[in-house]
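Asks: pasting a predicted model and its sequence here:
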Amino acid sequence: MQTATISFDKFNQLQDDACHQRIRTARARLGNEVVLLCHHYQRADVYQYADLTGDSLKLSRLAANTDSRLIVFCGVHFMAEVADIMSKPDQIAVLPDLAAGCSMADMANLAKVERCWRELGEVIEVDQVVTPVTYINSAADLKAFCGEHGGIVCTSSNAGTIATWAFARREKILFFPDQHLGRWTGFKMGIPLDEMVVWDPDLELGGLSPQQIRAARLLLWKGHCSVHQMFQPAHILRFRNQHPDGLVISHPECSFEVCRQSDFVGSTEHIVRTIKDAAANTRWLVGTELNLVNRLAEEVRHEGKIVQFMAPTVCMCSTMQRIDPQHLAWTLENLADGTVVNQIRVPEHERELARLALDRMLDVS
C-alpha cells in the first residue's frame, strides 16, 4: 500500500459533475475489490452508486459475505464500526467522512454508562438483576460493555424479541441510548408506563429515587434521534383531518405519542416493505428520514400510491448528509491508488466483546 494520501482539499471545491465522473472512474479501477454500502437515509447523489442498500446491520452482514477487500460504508460512524466487527479479518471498513456521526449514539458514552452501572449497584444487585441492552445505534465500546456484562444488542426490528430474552434472564433492563424505542418496545410487551423510568445521565442516580429504581422494569436512557423527535401528534391529526382514509406509519424512534397515533410502527425495512406491499392508490404519511421518504415516494408512484413526509419542515439526518460526492470521490480515488483512508478499526479487546453481544442478538433473533 502507498502512504501518500491525495489531499481532500483538491476535491472540496469540485463541482458535483466532476465528482461523479471521478467516482465512476475510480470505481471502474477498483472493480470487485470494493463494495459500496449505502444506508436508507443516504442522500440521493451518493445512494445511486450503492452496491448494497438497507439498514446498518443488514449491510454489514451482506458486506461480510462478499469477496471485496474494501468496504466503503456511506452511513455514519457506528455503522462502519459494525461493519468492521462483522467483517472478515482481511476486509477493511472505510467511512468517507469521519465527521459523519450520530447524535443519538453520542448521547450515551462509555464513561456515563459505567457510572450509571456503578450508581445502580448502590441501590440494587445490578449484575444479578439488570441486563444492559444497547440499540445498534451506539458506539462499539458500549456494545462491548453489553458483551462484558451479559447484555446484548438490538435493532428497531428485533427489540421486542431481544427484550423478551433479557427479561427471561434478569428482572430489569437498562436500555440505551434511545428512550423512545425502549418505551415503545416495553409498551408493546404490556409493561405499564410507570414501570418504565428515564435515566438522566447528568443527574445523580439518573434523577431517580432508590424506590423508583427498585420498582422499575425498564430503565430508559435519556437519549433520542434528532430526526425522529421532530414528528408530532399534531402532524398526524392534520393529515387525518385532510385524508380520513390515509394511513400513518412511523419509526419506533418517534415519540410514544406519535407511535400510538400511527397505524403501523416499524423499522426502516418494515416501512419500505409495508408501503410497497400495500394496495394501489393508497395514501401514506411517513414518520422517518426525508431521503428515505422521498425515494420511496418515487418508487411507488406508478402504483398510484401517495407517500408524504410527516413534518412540515425539512428534516433529514444531517450527519449522514456529510458524505457527499466530494468525499466519496476522494475516498475511492485514494483506494484506487492503493492508499487506505479513513479506515474504521475497532480495538481488538472491544471488538471481541462487541461481537459477543452482536452474536447473542443474532442467535436470539
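Replies: Received it, and whenever you're ready, just let me know what you need.
Asks: wouldn't His243 be in contact with Gln308 here?
Replies: No. Counting by C-beta atoms under 8 Å, His243 sits too far from Gln308 to count as a contact (9.2 Å). In this view, the C-beta of every residue, glycine as well, is placed from N, C-alpha and C.
Asks: quick one, what contacts the residue positioned nearest the centre of the chain?
Replies: By C-alpha atoms, centre = their mean, the mean C-alpha position of the chain lies nearest to Asn137, the distance being 4.3 Å. By C-beta atoms under 8 Å, 6 or more residues apart in numbering, the contact list for Asn137 reads 56, 78, 102, 104-105, 177-178, 225.
Asks: lowest pLDDT pick from those?
Replies: The lowest pLDDT within the contacts of Asn137 belongs to Ser56, with 82.
Asks: any low-confidence regions in this structure?
Replies: 1-4, 314-316, 318 (pLDDT under 70).
Asks: what residue spans form the domains of it?
Replies: Domain assignment for the chain by automatic domain parsing gives 9-101+319-346, 105-226, 228-309.
Asks: so which of those domains is nearest Leu356?
Replies: Nearest of the domains of the chain to Leu356, taken as C-beta to C-beta: domain 105-226 at 3.8 Å.
Asks: max-length helix in this structure?
Replies: Criterion DSSP state H: the longest helix present in the chain is helix 348-364.
Asks: hang on, the earlier thing: phi, psi of the residue nearest to the centre of the chain?
Replies: Note on Asn137: backbone dihedrals following degrees, to the nearest 10 are phi -80, psi 70.
Asks: how close does it get to His77?
Replies: Relative to His77, Asn137 is positioned 11 Å away (C-beta to C-beta, to the nearest Å).
Asks: cool, Leu358 as well?
Replies: According to C-beta to C-beta, Leu358 and His77 sit 16 Å apart.
Asks: in stretch 354-365, what's buried?
Replies: Under the neighbour-count criterion of 16 or more other C-beta atoms under 10 Å, stretch 354-365 has 354-358, 360-361, 364-365 buried.
Asks: then stretch 224-231?
Replies: 224-225, 227-228, 230-231.
Asks: just curious, which of those residues is nearest to Arg273?
Replies: Closest approach to Arg273 among the buried residues of stretch 224-231 (C-beta to C-beta): His228, at 18.8 Å.
Asks: which SS class is the spatially closest residue to the closest one that is not a sequence neighbour?
Replies: Nearest non-adjacent residue to His228, counting by C-beta to C-beta, 6 or more residues apart in numbering: Glu253, 3.9 Å away. Here Glu253 is coil, with the state taken from DSSP: H, G, I helix; E, B strand; the rest coil.
Asks: re earlier: and which of the buried residues of stretch 224-231 is nearest Gly182?
Replies: Nearest member of those to Gly182, counting by C-beta to C-beta, is His224, at 10.7 Å.
Asks: how much space between that closest one and Ala105?
Replies: Counting by C-beta to C-beta, the gap from His224 to Ala105 is 11 Å.
Asks: tally of neighbours for Asp55?
Replies: Neighbourhood size, Asp55 [other C-beta atoms under 10 Å]: 21.
Asks: surely it and Ile271 touch.
Replies: No. Checked against C-beta under 8 Å, the pair Asp55 and Ile271 is beyond contact range at 10.5 Å.
Asks: I figured Arg183 was touching Met196, is that so?
Replies: Yes. The criterion here is C-beta under 8 Å, and Arg183 meets it with Met196 at 5.6 Å.
Asks: list residues touching both of the two?
Replies: Residues touching both Arg183 and Met196 (C-beta under 8 Å, 6+ apart): 218, 220.
Asks: list the contacts for the residue nearest to Trp184 when sequence neighbours are not counted?
Replies: Excluding the flanking residues, the one nearest Trp184 by C-beta to C-beta, 6+ apart is Pro252, at 4.6 Å. Contacts for Pro252 (C-beta under 8 Å, 6+ apart) come out as 156, 159, 180-181, 184-185, 259, 265-267.
Asks: alpha carbons of stretch 283-297, as CSV, please.
Replies: Only the C-alpha atoms of stretch 283-297 are listed here, as CSV (Å, rounded to 0.1, in the frame of the first residue of the first chain):
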residue,chain,number,x,y,z
ARG,A,283,-52.0,7.5,0.7
TRP,A,284,-49.3,7.3,3.4
LEU,A,285,-47.9,9.7,6.0
VAL,A,286,-44.4,8.5,7.0
GLY,A,287,-42.5,9.4,10.1
THR,A,288,-38.9,8.8,9.3
GLU,A,289,-35.9,10.4,7.5
LEU,A,290,-36.6,12.6,4.4
ASN,A,291,-34.3,10.9,1.9
LEU,A,292,-35.9,7.6,2.5
VAL,A,293,-39.4,9.0,2.2
ASN,A,294,-38.7,10.9,-1.0
ARG,A,295,-37.0,7.8,-2.6
LEU,A,296,-39.9,5.5,-1.5
ALA,A,297,-42.5,8.0,-2.9
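Asks: all helices for the stretch 1-150 of the chain, in order.
Replies: 9-12, 16-30, 44-47, 56-64, 77-86, 103-106, 110-121, 126-129, 140-148 (DSSP state H, counting those that start in this stretch).
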